[in-house]
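**Student:** here is the input, now give the coordinates:
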Amino acid sequence: MTSRLRFAPRFVAFCLACLSLPASGADAPVAVDAALAVTGDPLLRAWVPPVYPEAARATKLEGRVIVDMLVDEHGVVTEARVAHSDNAVFDEAALAAVRQWRFKPGLDEGKPVPFGLVGPVEFRLAPKEKIAPGALPPERLWPTPAKRKAAKIVNAIDPDYPEELDPRKLPGRVDLRIQLGADGKISGTRVLWASHAALVAEALRVSRTWTFEPARQGLLAIPSEMEAPAEFVSVGANRAEILAANGIRVVDAEPEVLPEPFVITEPVFPLEKLLAGEEGTAEVAFTVDARGVATALALTSCSAPEFGAALVAAVDGWTFRPAMQGGARVPVKVAVTWSFARPAEGALKRLADALAPGGGGVPAAKGLDRPLAVVWRGFPVYPSALVESAASGKADIEFIIDRDGRARLPRVLSATQPEFGWAAATAVSQWVFEPPMRGGEAVAVRVLIPIGFTPPKK
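**Tutor:** Residues are numbered from 1 along each chain as shown. Coordinates of the predicted model:
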């Protein structure tokens, strides 16, 4: 697994769900549930001192043993192991004593649960304190919760590079949050971020083949969650080849190390043009700054305004691994030429044919076996052309969720400004859902969603 690379979008929106509590008078009593759930560590309630080994006593040997122990939900020590010992002569005596200790069980929201503890067992010929039979030892000898050890990946098979991206040679990554049971098996997976929608399904598939060592608290294996990236590489492709495969060229002095495309979202094919059978081109000049972000965009040519607007909206969200000169990151001026060609096969052609006159259309998302569920949904990028105006706005986008759960053929139904419409459509084109099901079969459905924009903070 390689190190993570994060990019800061120009605009991120958050929806916060707030809990509202009823107001009460200043003198009103506060009601407290007497059965309020409690969470706490196990507490020692019965302690047995170790039997001093005669071999150690005869040689006047003293020492200390640190013991890992597993205490069950009844407060019984079910497992004990030596974590550290001054001398092996004390080990068996220490373990024998610990196995007789009893605890008030640890609680998790009021429910007794197993717990991993670690505690010292001392062997002193002249102990500092005299402990009466049946009494508890001084607090320094009490066991305490063992340190937690995070889960880790034992074996992670590399994902297969998606055929859809083969012509473009793009590297990519999908960040996953994986929930693990105490047995180290996956109990749930969530997509946190994806550089391209085409990578999501394969990242989820391959992650299910990974094996893990569960998280532990001492001897106790515990459920946990971890973040892990699934990395995608087009084998053998260098930066120059990746740039060329995506229609990008450097237009000023070429740096020692070229920028490497990373998040390169395809521009949306204007649906009206697609259904009319029209194809076209557009060119945008821009700067890849020292952070790797596309800035200073300028539309230099287009065969139709819609193609130009679509390409500008896409480039607004592009990010790169930066160019390098003399070991430092440097900005570089580039240009991209994009051809809008009608798809000859695949999901896009099938859906375009369905939406064309006489094609039968695509039904709305009604009567599905289950509600639509989002797998990955990135936020739209605030249009760079509107940053100075600091305008707020919204757009209504209609799109198709295909049988694989991919968002396809977004169309702007309305927008307060055209730039918001194209930005929203571009974002939606990268969304991924669980495949819509009707009557037990995966189907394509047509949906509508409003998207709001708030200007980024300066």
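
**Student:** show the contacting residues for the residue positioned nearest the centre of the chain.
**Tutor:** For the chain, residue 192 is the residue whose C-alpha lies nearest the centre (Cα atoms, centre = their mean; 2.8 Å). Listed by Cβ atoms under 8 Å, 6 or more residues apart in numbering, the contact set of residue 192 reads 175, 176, 177, 227. C-beta coordinates here come from the backbone N, C-alpha and C atoms, glycine included.

**Student:** the strand or helix carrying it pairs with which strands?
**Tutor:** Using DSSP states H and E, residue 192 falls within strand 186-194. Strand 186-194 sits in its sheet next to strand 172-180 (antiparallel), going by DSSP bridges.

**Student:** gap between the strand it pairs with and the chain center?
**Tutor:** 5 Å (Cα atoms, centre = their mean, to the nearest Å).

**Student:** do stretch 374-383 as well
**Tutor:** Distance, centroid of stretch 374-383 to centroid of chain: 14 Å (Cα atoms, centre = their mean).

**Student:** stretch 310-320 now?
**Tutor:** What separates the centre of stretch 310-320 from the centre of its chain is 23 Å, taken as Cα atoms, centre = their mean.

**Student:** alpha carbons of the least confident helix or strand in the chain by mean pLDDT, as PDB, please.
**Tutor:** Of all helical and strand segments in the chain, the minimum by mean pLDDT, DSSP states H and E falls on helix 346-355, at a mean of 92. Output in PDB follows, covering the C-alpha atoms of helix 346-355 (Å, rounded to 0.1, in the frame of the first residue of the first chain):
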ATOM      1  CA  GLY A 346     -21.600  -0.500 -23.900                       C
ATOM      2  CA  ALA A 347     -23.900   1.000 -21.300                       C
ATOM      3  CA  LEU A 348     -23.800   4.500 -22.600                       C
ATOM      4  CA  LYS A 349     -24.900   3.400 -26.100                       C
ATOM      5  CA  ARG A 350     -27.600   1.200 -24.700                       C
ATOM      6  CA  LEU A 351     -29.000   4.000 -22.600                       C
ATOM      7  CA  ALA A 352     -28.700   6.600 -25.300                       C
ATOM      8  CA  ASP A 353     -30.600   4.400 -27.700                       C
ATOM      9  CA  ALA A 354     -33.300   3.900 -25.100                       C
ATOM     10  CA  LEU A 355     -33.700   7.700 -24.600                       C
END
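
**Student:** for it, packing partners?
**Tutor:** Under the contact criterion of 3 or more Cβ pairs under 8 Å, 6 or more residues apart in numbering; DSSP states H and E, helix 346-355 touches helix 271-275, strand 407-415.

**Student:** and the angle from the last one to helix 346-355?
**Tutor:** So the one you mean is strand 407-415. Computed by axes from the mean of the first three to the mean of the last three Cα atoms, to 10 degrees, the angle separating strand 407-415 from helix 346-355 equals 50 degrees.

**Student:** tell me which helix or strand comes right after strand 407-415.
**Tutor:** Moving toward the C-terminus from strand 407-415, the next helix or strand (DSSP H and E) is helix 418-428.

**Student:** what's next to that following helix, contact-wise?
**Tutor:** Contacts of helix 418-428 (Cβ under 8 Å, 6+ apart): 265, 267-268, 309-310, 312-314, 316-317, 378-383, 385-386, 393-395, 397, 399, 407, 410-412, 414-415, 449, 451, 453.

**Student:** and those residues, which of them are in strands?
**Tutor:** Counted as lying in strands by DSSP state E, out of the contacts of helix 418-428, are 393-395, 397, 399, 407, 410-412, 414-415, 449, 451, 453.

**Student:** want to throw those into a markdown table with pLDDT, neighbour count and distance to residue 140?
**Tutor:** Below are the ones in strands among the contacts of helix 418-428 laid out as a markdown table (pLDDT from 0 to 100; neighbours: other Cβ atoms under 10 Å; distance: Cβ to Cβ, whole Å):
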| residue | pLDDT | neighbour count | distance to residue 140 |
| --- | --- | --- | --- |
| 393 | 96 | 21 | 64 |
| 394 | 97 | 15 | 63 |
| 395 | 98 | 27 | 65 |
| 397 | 98 | 25 | 65 |
| 399 | 97 | 25 | 65 |
| 407 | 97 | 24 | 61 |
| 410 | 97 | 25 | 66 |
| 411 | 97 | 21 | 71 |
| 412 | 97 | 22 | 70 |
| 414 | 97 | 11 | 71 |
| 415 | 98 | 20 | 69 |
| 449 | 96 | 15 | 61 |
| 451 | 96 | 20 | 60 |
| 453 | 96 | 25 | 60 |
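
**Student:** can you tell me which two in these are farthest apart?
**Tutor:** Between any two of the ones in strands among the contacts of helix 418-428, the greatest separation by Cβ to Cβ is 20.9 Å, found for 393 and 407.

**Student:** where do the helices sit along the chain?
**Tutor:** Applying DSSP state H to the chain gives helices spanning 54-58, 91-98, 200-207, 239-245, 271-275, 305-315, 346-355, 418-428.

**Student:** and the first one, which residues are buried?
**Tutor:** Of the residues in helix 54-58, those buried under the neighbour-count criterion (16 or more other Cβ atoms under 10 Å) are residue 56.

**Student:** how far off centre is that helix?
**Tutor:** Centroid displacement of helix 54-58 relative to its chain, using Cα atoms, centre = their mean, is 57 Å.

**Student:** check the fifth one too.
**Tutor:** For helix 271-275, the distance between its averaged C-alpha position and the chain's averaged C-alpha position is 35 Å (Cα atoms, centre = their mean).

**Student:** packing partners for that helix?
**Tutor:** helix 305-315, helix 346-355, strand 407-415.

**Student:** repeat the analysis, applying 10 Å as the threshold.
**Tutor:** Under the contact criterion of 3 or more Cβ pairs under 10 Å, 6 or more residues apart in numbering; DSSP states H and E, helix 271-275 touches helix 305-315, helix 346-355, strand 393-401, strand 407-415.

**Student:** do the same with the second one
**Tutor:** Contacts of helix 91-98 with other secondary structure elements, assessed using 3+ Cβ pairs under 10 Å, 6+ apart, are made with strand 63-71, strand 77-85, strand 115-123.

**Student:** between those strands, which one is nearest to residue 167?
**Tutor:** Closest among the helices and strands packed on helix 91-98, using Cβ to Cβ: strand 115-123, at 52.2 Å.

**Student:** that closest one vs strand 77-85, what angle?
**Tutor:** Using the same axes, to 10 degrees: strand 115-123 against strand 77-85 is 50 degrees.
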